[in-house]
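Asker: Sequence first, predicted model second:
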Amino acid sequence: ASNDIERATDIARKMVTQWGLSEKLGPLLYAEDQNEMYMGGGGGRSMSMSDETAKVIDAEVRLFSDRNYQRAESILKENIDILHAMKDALMKYETIDAKQIDDLMARQPVREPRDAHDRHEAKPEKEGVSKDKAVDEIQKPTDESKKDESKKDESKKDESKKDETNLDDKAE
């Protein structure tokens, strides 16, 4: 939560000082450098700014933050039923897809995810072969792969011998 507050404050400060979105201060740039904004303990006051301007900036940042906090809170309260339905869907399905979110936003019953049947209907194992054995069989190296690994090891050894020979020649 603290990171959210930090980021929201940073965006509000940029709206006021860099993007010119403050009605009181207008479309002017008040901080050219990110480091300037935080000089003197993070007050948002750069060296070329008066105390009065810094106070106005702080007040505008506070106004943006408060206004948007109230807006977010209002949206959540107006849609608390969707929020609870989403929580219930997540508890039931663990993940939800775009179609389910569309259902939620339309205040409709949430459909099962597309792959729900695949998850619930596990494929039966072949007789006498467990999943672990099947995985072991897949991961077991073949004779071909063993030969390939052996060739790679030999070529690496040959390259290192060539490098040693070249170093010996240069040393002489």
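Answerer: Yep, that arrived.
Asker: Show me the strands in this protein, by range?
Answerer: Using DSSP state E, the chain contains no strands.
Asker: and it, what are its domains?
Answerer: 2-78, 80-120, 131-171 (automatic domain parsing).
Asker: Would you mind checking which of those domains scores lowest on average pLDDT?
Answerer: Lowest mean pLDDT within these: domain 131-171, at a mean of 58.
Asker: State the distance from the residue nearest to Leu28 when sequence neighbours are not counted to Pro27.
Answerer: Excluding its sequence neighbours, the residue lying closest to Leu28 (CB to CB, 6 or more residues apart in numbering) is Gly20, at 6.1 Å. For glycine as for every other residue, the C-beta is placed from the backbone atoms N, C-alpha and C. Computed as CB to CB, to the nearest Å, the Gly20 to Pro27 distance reads 3 Å.
Asker: between the two, which one's more packed in?
Answerer: Here Gly20 and Pro27 are compared on neighbour count by other CB atoms under 10 Å; more neighbours surround Gly20, at 13 against 8.
Asker: now the helices for the protein?
Answerer: Along the chain, the segments classed as helices by DSSP state H run 2-17, 34-37, 39-42, 51-78, 80-93, 98-105, 116-120, 131-139, 143-171.
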